[in-house]
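Visitor: Kindly return the folded structure for what I paste below:
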Amino acid sequence: MKDKLHFTSLLIACMLFVGCNPKSDVYKATDFGAIANGKTVNTEAIQRAIDACNEGGGGTVILDKGDYVSGTLLLKDKVTLHIAEDAQLIGSSNPLDYQSIDTFTDATGQKRGNCLIGAKNATNIAVTGKGTIDGNGEAFLAKNIKAKIKELNLAQTEGFGSNRPFLLRFVNSSQIKVQDVHLRQPAAWTCHFYQSNDILVENVSIYSHAHKNNDGIDLDSSYDAIIKNCDINTGDDAICIKTTSPKPTYNVQVSDCKLRSDWGSIKFGTESMGDMYNIDITNCQIYDTKGGGIKVLSVDGANIHDVTIDGIQMDRVDMPIFIRLGERLRTYRNAEKQEVGSITDVIIKNVKGSARALDSSRVNPPSGILMTGTPNHKIGKILLENIELELPGGGIEEHTMATVAEDETRYPEFSFFTVLPAYGLYGRHIENLQTNNVVFTLNGTDKRESQVLVDTHTTLSE
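Guide: Residues are numbered from 1 along each chain as shown. Next up, the predicted model:
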């Protein structure tokens, strides 16, 4: 009897032990051979941890304390890559350490697809943690690529390093979360979502000035996306809604973000084959931006509609608002050329801010708002409400006679139109422009009119 009781006690203890210690869903990269010394290339070791996590039914792969150098890592279903606060994931300086997923040619004619962290046809994936992911983008500058070719003693060098890696890239994937991490210095775009859905980007900081074409967040032919509480500082577009395929980007919410850019802080396009709609952008701060605060551009066939941009503070911003419907009609990914698109039902309201000073403006003297369609394709319904913009002035008599080119097929950039005949608002080829409490304040003299409207029907909103 005593032996029986002893056995029962042992059985209960074992059951309790098993119940309290289920199979771990945490996978430390160091347990799979990763070495966090800032030198060893850990691509294979970290990928082993990701694969084991996926094969074990999902969980979290952790990079803790230290600097982990790596090439391309591919996330798989139900895997979270967690970068601890005292850890860094650093992109390898060797282009041969990267893979391309869904290679395509971008608007600049460059091959794209390489990435540091990627996913294709994956679901329920995440990149989290308060650590840093650094793309080591300067390694892909021309002078450093030449040095790498010499270091590796390569005979065939054509195209070597030209497919500059994105930092994060998600293709045909769903249920994606990017949260809390610091994303720094990629060689190309920072965070690209292509034909993906159910996306959350939250509390993410981005600093991207290591190379060219260094966007912050690109939502590309994707839907059901939330971007909130992010701090983004980029040399190219900060948040970009685009479509490099005929599939649309829609159901997007952007809120409470701090944005700085050398090209455009909030941008739709320029790559714009598919439609863009049901997009709300609220309560964002834009500062020290050289290339445009809010830019809504359809030039490749996109129908942009049902867009609300509300509650924007701007400080030292080139061309606060730029809307362009054009006829460039560029194609991507071997898609058929689209018909000319449209822009309508766009609301921009509760915007307050200032333009850059004369000596730092790309167009001198600058203007506050430029909106133009083409003679054969007018912009539809636009509402501007409660907008207060402070401008430096500087317009002289000859600027009042400035001619504004149509340039229907040209790349859509406000600076290409040069000086406008209005310091506040220049509108052209618009079917229905509604304005309410749109105020421009000058810090200096300006001989130009506050508003000049050409081929535009206007009404005051109620």
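
Visitor: Every contact and neighbour count from this point should use C-alpha atoms.
Guide: OK.

Visitor: Could you list the low-pLDDT ranges of this structure?
Guide: For the chain, residues meeting the criterion pLDDT under 70 lie at 1-23, 460-462.

Visitor: how about the residue nearest the centre of it, phi and psi?
Guide: The geometric centre of the chain, computed from its C-alpha atoms, lies nearest to Ile217 (CA atoms, centre = their mean), at 1.9 Å. Main-chain torsions, Ile217, degrees, to the nearest 10: phi -120, psi 130.

Visitor: doesn't Lys242 make contact with it?
Guide: No - if you go by CA atoms under 8 Å, Ile217 and Lys242 don't touch, sitting 10.4 Å apart.

Visitor: Distance of Lys39 relative to Ser205?
Guide: Going from Lys39 to Ser205 by CA to CA, to the nearest Å gives 25 Å.

Visitor: These two: which has the busier surroundings?
Guide: Under the criterion of other CA atoms under 10 Å, the comparison of Lys39 against Ser205 puts Ser205 first, with 22 against 13.

Visitor: show me the contacts for the more buried one.
Guide: For Ser205, the contacting residues are Asp180, Val181, His182, Leu183, Cys230, Asp231, Ile232, by CA atoms under 8 Å, 6 or more residues apart in numbering.

Visitor: do that again at 6 Å, thanks
Guide: With contact taken as CA atoms under 6 Å, 6 or more residues apart in numbering, Ser205 is in contact with His182, Cys230, Asp231, Ile232.

Visitor: Just the buried ones from those?
Guide: Among the contacts of Ser205, those that count as buried by neighbour count (16 or more other CA atoms under 10 Å) are His182, Cys230, Asp231, Ile232.

Visitor: so the last one sits right up against Leu259, yeah?
Guide: Yes - at 5.0 Å, Ile232 and Leu259 qualify as touching, with contact defined as CA atoms under 6 Å.

Visitor: how many other residues sit next to Ala372?
Guide: For residue 372 the amino acid is Thr, not Ala. 24.

Visitor: Need phi/psi at it.
Guide: Dihedral angles (degrees, to the nearest 10) for Thr372: phi -150, psi 140.

Visitor: One more: Leu329?
Guide: According to degrees, to the nearest 10, Leu329 has phi 60, psi 50.

Visitor: quick one: it and Val363, what's the gap?
Guide: Leu329 is 26 Å from Val363, where distance means CA to CA.

Visitor: if you count what's nearby, which of the two comes out ahead?
Guide: The residue with the greater number of neighbours, taking Leu329 and Val363 and applying other CA under 10 Å, is Leu329; the counts read 22 against 18.

Visitor: Give me the distance between the more buried one and Ser342.
Guide: For Leu329, the distance to Ser342 under the criterion CA to CA works out to 12 Å.

Visitor: what sits up against stretch 297-310?
Guide: Stretch 297-310 is contacted from outside by 268-270, 272-282, 323-330, 338-350, using CA under 6 Å, 6+ apart.

Visitor: Quick check, the residue nearest to the centre of the chain in contact with Cys191.
Guide: Yes - Ile217 is in contact with Cys191 according to CA under 6 Å; the separation is 4.9 Å.

Visitor: Neighbouring strands - and their directions - for the helix or strand containing Thr344?
Guide: Taking DSSP states H and E as the criterion, Thr344 maps to strand 342-354. In its sheet, strand 342-354 lies beside strand 303-317 (parallel), strand 379-391 (parallel), with partners assigned from DSSP bridges.

Visitor: Just the buried residues of the longest one, please?
Guide: Meaning strand 303-317. Taking 16+ other CA under 10 Å as the basis for neighbour counts, the residues of strand 303-317 that come out buried are 303-305, 307-317.

Visitor: Which one of the residues you listed is nearest to Gln175?
Guide: Checking those against Gln175 by CA to CA gives Val307 as the nearest, at 23.8 Å.

Visitor: What distance do you get for that closest one to Tyr277?
Guide: Relative to Tyr277, and taking CA to CA, Val307 is found at 6 Å.

Visitor: Phe414 now?
Guide: Using CA to CA, one gets 23 Å for the distance from Phe414 to Tyr277.

Visitor: now do Thr60
Guide: With distances defined as CA to CA, the gap from Thr60 to Tyr277 amounts to 35 Å.

Visitor: Check Gly291 too.
Guide: As defined by CA to CA, Gly291 lies at a distance of 23 Å from Tyr277.

Visitor: What of Tyr423?
Guide: When distances are taken as CA to CA, Tyr423 and Tyr277 turn out to be 30 Å apart.

Visitor: Report how many residues lie close to Gly33.
Guide: Applying other CA under 10 Å, we find 14 residues neighbouring Gly33.

Visitor: hang on, it packs against Ala45?
Guide: Yes - taking CA under 6 Å as the contact criterion, Gly33 and Ala45 are neighbours in contact, 5.3 Å apart.

Visitor: Tell me how the chain divides into domains.
Guide: Listed by the TED database, the domain ranges of the chain are 21-214, 281-461.

Visitor: Can you lay out those as a markdown table showing distance to Pro248?
Guide: Below are the domains of the chain laid out as a markdown table (distance: least, CA to CA, whole Å):
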| stretch | distance to Pro248 |
| --- | --- |
| domain 21-214 | 9 |
| domain 281-461 | 8 |
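
Visitor: longest strand anywhere in the chain?
Guide: For the chain, the longest strand by residue count, based on DSSP state E, is strand 422-442.

Visitor: what angle do that strand and strand 342-354 make?
Guide: Inter-element angle recorded for strand 422-442 and strand 342-354: 30 degrees (by axes from the mean of the first three to the mean of the last three CA atoms, to 10 degrees).

Visitor: For the helix or strand following strand 422-442, which residues meet the burial criterion?
Guide: Beyond strand 422-442 on the C-terminal side, the first helix or strand identified by DSSP H and E is strand 449-460. Using 16+ other CA under 10 Å as the burial criterion, the residues of strand 449-460 that qualify are Glu449, Ser450, Gln451, Val452, Leu453, Thr456, Thr458.

Visitor: Quickly note the distance from the last one to Ile382.
Guide: I take that to be Thr458. 10 Å.

Visitor: got it, and the first one?
Guide: From Glu449 across to Ile382, the span is 21 Å (CA to CA).

Visitor: now do the fifth one
Guide: Between Leu453 and Ile382 the distance is 14 Å, computed by CA to CA.

Visitor: ok so, going back, which residues are in contact with both of Thr458 and Ile382?
Guide: Where contact means CA under 6 Å, 6+ apart, the residues bridging Thr458 and Ile382 through contact with each are Leu433.
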